Structure formats: C-alpha cells, structure tokens
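Novice: Just to be clear, the model below is a prediction. Sequence and coordinates:
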Amino acid sequence: MNKKQKSITFILPGFITIPMGGVKVVNRLAELLSKRGHKVTLIYPLQLSTGIVYKTKKYLISLLDSLHKVKNNLYYKPDSSVSVIIVEKVNQQHIPKSDVVIAVGWQTAEAVLNLPEEQGEKFYFLQSFESYFNNSKKILQTYHYPMKKIAIAQWILNELNKIHESGYGPIGNAINRKEFYDMKSEFRPFDVMMIYHPAKIKSPTFGIKVLKRLKKLNPNFQAVIVAPRKPIHKIPEWIQLHIRPDIIDLRKIYNSSKIYFHPSIWEGWGLPPMEAIACGCAIVSVENHGVSEYLTHQKNALLISKNINHAIENISQLLLNTETRKKMVKLSQEILDNYCENKITLYFENLLFNT
C-alpha cells in the first residue's frame, strides 16, 4: 500500500443521469487521484432537500425523463478503482470516514458542513459562482461556510474576494485528450455546432435564432445541435439534433463541424469549447467569465456580445475565411497544452493535503 495514500470523498449534487460538465470533471479527477494511490469515493445522494419545492421539481424532472426515455442510471461511470456509493441523503450514517470530504456544488455545501469532524477535513469545490439562481441569498451564504474553498477559475476567486472570503487555486480545467482530438478531416459538413441547454443563462433561444438567421442568409448553411435531453424549444427540422451521443459520436460531431458556437452568458469554465478546440473547431462564443479564463478575442477565438447581428457577422467572417479559421484553431489548440490533466491533479492533491 502507498504510504502516502489518503482517503478522499466527493459529495456530488444529486443522482446524475444526464451529461453535466462539473460532474464529469469530478469523475475524471477521482480517477486520476485514484491512479496516484488514493482511496477515492464518489457519493451520489438521492435527496438533497426535504422542501416541497425541491420534491415537486424532482418529481417533474423524473416524469419528463421517463417520457423522454432517460435511463435511470448514473451517467458517468469512473474507473473500477473508484468507489461509487448511492445514498438516500448526506449524513454521518451514510458517509464513510475520510481524510477529506469535498462538497461539489452549493447544493451539497450545507450537508457537508453539518457532518461531524471525524468524517474528514471539509472542502468546498467551486466550479462556478452560482449567484444567478433565484435563491441566490442562500447560495451566497454557503460561500461563507468555514470550509476550505478550491476554485477552478480565477474569476471565482475574485468573486470570493468581493464578499471578503478567500479560496485556493485556480486549479484550471482540462479535457481527456484520449477522448477529444483532431481527426484532421478536411471534410466538415456542418458549418456550426452548438450544445443546447434549456437554462436561461445558456441562452438557448438566442442560439437558435442565430442559426435560423444564418440559414436565411445562406440556404446551404448546415448546423448540428447536441442536447442532454429532448429540447423544450422548437428546433428547426433542417438542424441535425443529437441527444446524449456517446463519446465516440460526440468526437465525430465536433470533427464534422467548422465552428463551435457557444451562446451561454455564464460559465464557471466552459468545458465544451475546450472539447471543440481539441477536435479542430474554431470558437465563436458569447463573452463570459469562464471562457475568458483561457480564450482571447481575435487571437484564439471570437468573443462576442449577446447580439444576433454581432454573432452572425463573426460566424460569417470565419466561414468565409478558411485561412483565418485554421490559424485561429491552431492558436487555440496551443492553449490546451497549458491545461494538462496530470498537472491539475497534482495541484488539487497538494491543496487537499498541504494547505
């Protein structure tokens, strides 16, 4: 046994049955920490609140998922060396004792705070600064909890400073380069790819409007949308729609697209643009804190305002100028080299056990 082996427990924000970037990041981090000799456990609680609003929302989501044939299985399955435990709720009875226990998402922060000290030293892993929710007062309160905070991005640390709190990091983010890579295909039939999410901050209506306007301007324009669930917005029939493609198909879709359009106004980091870059897409994104951590306007991406005419102008510019687009892809792919999974894992490990 590794003499330096430590036990690490992550508390995830619910039973996750669809793609969710933050949960994917934690699953991959758990695998990499396990490969370094640590005993890692992922806890998926079935219940995070007892309130009527929470229960009603959970019931409605369950009903919709049943109608849309979303399997009632955990979407992410880490390496067999990582323990996965599904519990009814987060409490002393259900959570194993560890060296450290980590709250993932504001939904788990209070439950981790209330665990006895013997359950492990308490950390709060911040992948965004989630003050955009309706219950922002409750969420902001969690950032004052006496737990060590690790932030994925510098802008999150800046927000903590504004409320007179501090955190460690930024640790950055990375993608699995064995999953996402450039297949060097000259044939990219889709002019634009977009990932759809119904949340208002992800700007789905804006994104679809931009695609429709581009089609109106050019009848030969082709687009593809990837979504975690069946969209609640109407998607035009001419847009190819893929719901929860596996990694192989998702990689092919990225590699079949010239431009990845990211309409979201709020991201903790923005993982899909990194995946798209790795697969050879040029990036046009609404400027937000997350993507601005690693992308620079008119250098390795086009970062725009949430304005339809501005979006159309920038996307059209890249579609018309192949050489500019290829140069932008090359520069953006060089940026990915700054975000190495192993380097981030070592940094995260050091923050857990040497702070």
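Specialist: Arrived safely, thanks for sending. Residues are numbered from 1 along each chain as shown.
Novice: what residues are up against residue 259?
Specialist: Applying C-beta atoms under 8 Å, 6 or more residues apart in numbering to residue 259 gives the contacts 191, 192, 193, 281, 282, 283, 284, 315, 318, 319, 325. In this view, the C-beta of every residue, glycine as well, is placed from N, C-alpha and C.
Novice: now with 7 Å?
Specialist: Contacts were defined as C-beta atoms under 7 Å, 6 or more residues apart in numbering; by that measure residue 259 touches 191, 192, 281, 282, 284, 315, 318, 319.
Novice: Quick check: strands, which of the residues you listed are part of them?
Specialist: Using DSSP state E, the members of these that fall in strands are 191, 192, 282, 284.
Novice: Tabulate these (a markdown table), appending pLDDT, distance to residue 333 and neighbour count.
Specialist: Shown next, in a markdown table, are the ones in strands among the contacts of residue 259 (pLDDT from 0 to 100; distance: C-beta to C-beta, whole Å; neighbours: other C-beta atoms under 10 Å):
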| residue | pLDDT | distance to residue 333 | neighbour count |
| --- | --- | --- | --- |
| 191 | 98 | 20 | 22 |
| 192 | 98 | 19 | 26 |
| 282 | 98 | 11 | 27 |
| 284 | 98 | 16 | 28 |
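Novice: right, and out of those residues, which lies closest to residue 157?
Specialist: Comparing these against residue 157 with C-beta to C-beta places residue 284 closest, at 27.3 Å.
Novice: wait, isn't that closest one in contact with residue 315?
Specialist: Yes. Proximity of residue 284 to residue 315 meets the contact threshold set by C-beta atoms under 7 Å, at 5.3 Å.
Novice: Now for residue 162, how many residues are close by?
Specialist: Neighbours of residue 162 under the rule other C-beta atoms under 10 Å: 8.
Novice: next one: residue 333
Specialist: Residue 333 has 16 neighbours, counted by other C-beta under 10 Å.
Novice: what do you get for residue 137?
Specialist: 9.
Novice: Next, the contact list for it, please.
Specialist: The contact partners of residue 137, by C-beta under 7 Å, 6+ apart, come to none.
Novice: could you measure residue 41 against residue 28, distance?
Specialist: Note on residue 41: its distance to residue 28, by C-beta to C-beta, to the nearest Å, is 15 Å.
Novice: per-residue pLDDT, residue 203?
Specialist: Looking at residue 203, its pLDDT is 97.
Novice: And for residue 64?
Specialist: On pLDDT, residue 64 comes in at 64.
Novice: cool, residue 54 as well?
Specialist: 50.
Novice: Residue 43 and residue 14 touch, don't they?
Specialist: No. Using C-beta under 7 Å, residue 43 is not in contact with residue 14; the gap is 10.7 Å.
Novice: circling back to that earlier point, with distance to residue 242 as new columns, can the contacts of residue 259 be given to me in JSON lines?
Specialist: Below are the contacts of residue 259 laid out as JSON lines (distance: C-beta to C-beta, whole Å):
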{"residue": "191", "distance to residue 242": "16"}
{"residue": "192", "distance to residue 242": "14"}
{"residue": "281", "distance to residue 242": "15"}
{"residue": "282", "distance to residue 242": "20"}
{"residue": "284", "distance to residue 242": "20"}
{"residue": "315", "distance to residue 242": "20"}
{"residue": "318", "distance to residue 242": "22"}
{"residue": "319", "distance to residue 242": "21"}
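Novice: quick one on the thing from earlier: the more surrounded of residue 43 and residue 14?
Specialist: It is residue 43, of residue 43 and residue 14, that has more neighbours when counted by other C-beta under 10 Å, with 23 against 17.
Novice: closest to residue 177 among the ones in strands among the contacts of residue 259?
Specialist: Among these, and counting by C-beta to C-beta, the member closest to residue 177 is residue 282, at 18.9 Å.
Novice: which residues does the closest one contact?
Specialist: 258, 259, 318, 325, 328, 329.
Novice: The third one: what's it in contact with?
Specialist: Residue 318 sits next to 259, 282, 284, 302, 324, 325 when contact means C-beta under 7 Å, 6+ apart.
Novice: Same list, those, but as TSV with distance to residue 308 please.
Specialist: Converted to TSV, the contacts of residue 318 look like this (distance: C-beta to C-beta, whole Å):
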residue	distance to residue 308
259	16
282	19
284	13
302	15
324	22
325	21
